[in-house]
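Engineer: Pasting the sequence and the predicted model now:
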Amino acid sequence: MKVLKIVLDTSLFVNPDARYLFGQTPKSAFSNFLDALKSKKNIHCYIPPSVYRELMKFVEGGLPSQKTILINKKPPSSYDSAIPALFVYEFIEEFRMRINKGLRIGEKYSRKALHASGSNTKEEEIIKHLREEYRVALREGIIDSKEDFDLLLLARELNAHLATSDSGLIEWAQKLGIPCLSAQELKELLSNCA
């Protein structure tokens, strides 16, 4: 019997678009996932400690240890991991493009503010739109935290699938040849495996 290794991302249990497959709240989603995992001897799930801590911030009151013991909380071997130089070059280039895009958005909204009527409501609306566009430009579709990087390193180290609903993680996992599972695929896997 072949063992399938899966590295779990917080987004599966926190992102409303993925979470509903397992439960209504992050706590119920994670708990229901663990209940389904309990009988699956050929599926081993892992989560980096940094990501587990992040998830526990959303799981009010935590879960009993007899449930959470089903997940292997393993940090990646950061000093032993080899990441191709091309991956780092692409990341740096992508980040530089995003910084420039963010700068252009800032300039656009600065110009709007200069032409605004001077009412506080108009200024607050401009700032709100600036923040939304800036966040999308800089953070959407990219790995933007050490937790994201831990997920990639661990999945690569274990030669495991990465289960996530984060589009940035999926894009960068594919560059490293890491197979990904969506929340829907994970749910079906748990339903169909013995």
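Structural biologist: Noted; the coordinates are in hand. Residues are numbered from 1 along each chain as shown.
Engineer: mind listing what the spatially most central residue of the chain touches?
Structural biologist: By Cα atoms, centre = their mean, the mean C-alpha position of the chain lies nearest to residue 166, the distance being 4.5 Å. For residue 166, the contact set (Cβ atoms under 8 Å, 6 or more residues apart in numbering) comprises 9, 11, 15, 148. For the C-beta atoms, the positions are set from N, CA and C on the backbone; glycine is no exception.
Engineer: packing partners for the helix or strand encompassing the last one?
Structural biologist: It refers to residue 148. Here residue 148, judged by DSSP states H and E, is contained in helix 146-158. Applying 3 or more Cβ pairs under 8 Å, 6 or more residues apart in numbering; DSSP states H and E, we find helix 146-158 packed against strand 4-8, helix 49-56, strand 161-163, helix 167-175.
Engineer: quick one: the residue nearest to the centre of the chain and residue 187, what's the gap?
Structural biologist: To residue 187, residue 166 is 17 Å away according to Cβ to Cβ, to the nearest Å.
Engineer: Over to residue 10?
Structural biologist: The gap separating residue 10 from residue 187 is 16 Å, by Cβ to Cβ.
Engineer: Who has more neighbours out of the two?
Structural biologist: Neighbour totals were compared for residue 10 and residue 187, and residue 10 leads with 25 against 18 (other Cβ atoms under 10 Å).
Engineer: how many other residues sit next to the residue nearest to the more buried one when sequence neighbours are not counted?
Structural biologist: Of all residues not flanking residue 10 in the chain, residue 55 sits nearest, at 4.6 Å (Cβ to Cβ, 6 or more residues apart in numbering). Residue 55 has 23 neighbouring residues, counting by other Cβ under 10 Å.
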